[in-house]
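[1] Pasting the sequence and the predicted model now:
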Amino acid sequence: MADAETEAALGEQPEEPRAGGRVQSVVAGAIPVLLGAVAAWLSFGLNIGSLTEPGPGLWPLIVAGLLVASGIGIIAVTAKTRRDTEAFTRGTIAVLAAAGGLAVYASLYEIVGFEVPTVLLLFAWLRFLSRESWLMSAILAVAVTAVAYALFIIGLNVPLPHLIAF
């Protein structure tokens, strides 16, 4: 915020983001459509159930539907308004890295339990995406995992897979 105020005081305008182009606009909408379609297909393998007796696949199906609708909305808005999306930047790489970390977390979660993947994911996000110090990243990752453990496993008795038993 101080940078924007400094630029305004100097009479400079903040830099406008680069336009990504029409192809990137379609890609930006197609990615959530494809992810949502795959997630919807996988959710049918989890037993959808009904609205009165939902199965484990109902919420993933709802989220998948929202992903598909969002992607279609992105494509429709960019086609109708003829406006481009922002160009992919270094920040895009950080988002992809965060999503990749979340995918690894989800794959390790059932195998290793709640604690270890959670500490590792939080540490990686804090250290490499937020650029916190090594010590602060370690302290926060362990502390937040401990609070989540206390809240969900001890307090709410949620049956999460975990290694540490109290």
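    Thanks, I have the structure now.
[2] Surely residue 40 touches residue 61?
    Yes: between residue 40 and residue 61 there is a contact at 5.7 Å, judged by C-beta atoms under 8 Å. Glycine gets a C-beta too; all of them are placed from N, C-alpha and C.
[3] List the contacts of residue 94.
    By C-beta atoms under 8 Å, 6 or more residues apart in numbering, the contact set of residue 94 is residue 129.
[4] any idea of the pLDDT on the most centrally placed residue in the chain?
    Central residue check for the chain by C-alpha atoms, centre = their mean: the C-alpha nearest the mean position is that of residue 99, 5.5 Å away. pLDDT for residue 99: 89.
[5] now swap in residue 111 and tell me
    87.
[6] Burial check on it, number of neighbours?
    By the criterion of other C-beta atoms under 10 Å, residue 111 has 9 neighbours.
[7] With the flanking residues excluded, which residue is spatially nearest to residue 66?
    residue 36 (7.4 Å; C-beta to C-beta, 6 or more residues apart in numbering).
[8] can you tell me the average pLDDT over the helix or strand where that neighbour lies?
    Assigned by DSSP states H and E, residue 36 belongs to helix 22-43. With pLDDT averaged residue by residue, helix 22-43 scores 89.
[9] Which residues does that helix contact?
    20, 57-58, 60-61, 63-75, 78-79, 84-85, 87-88.
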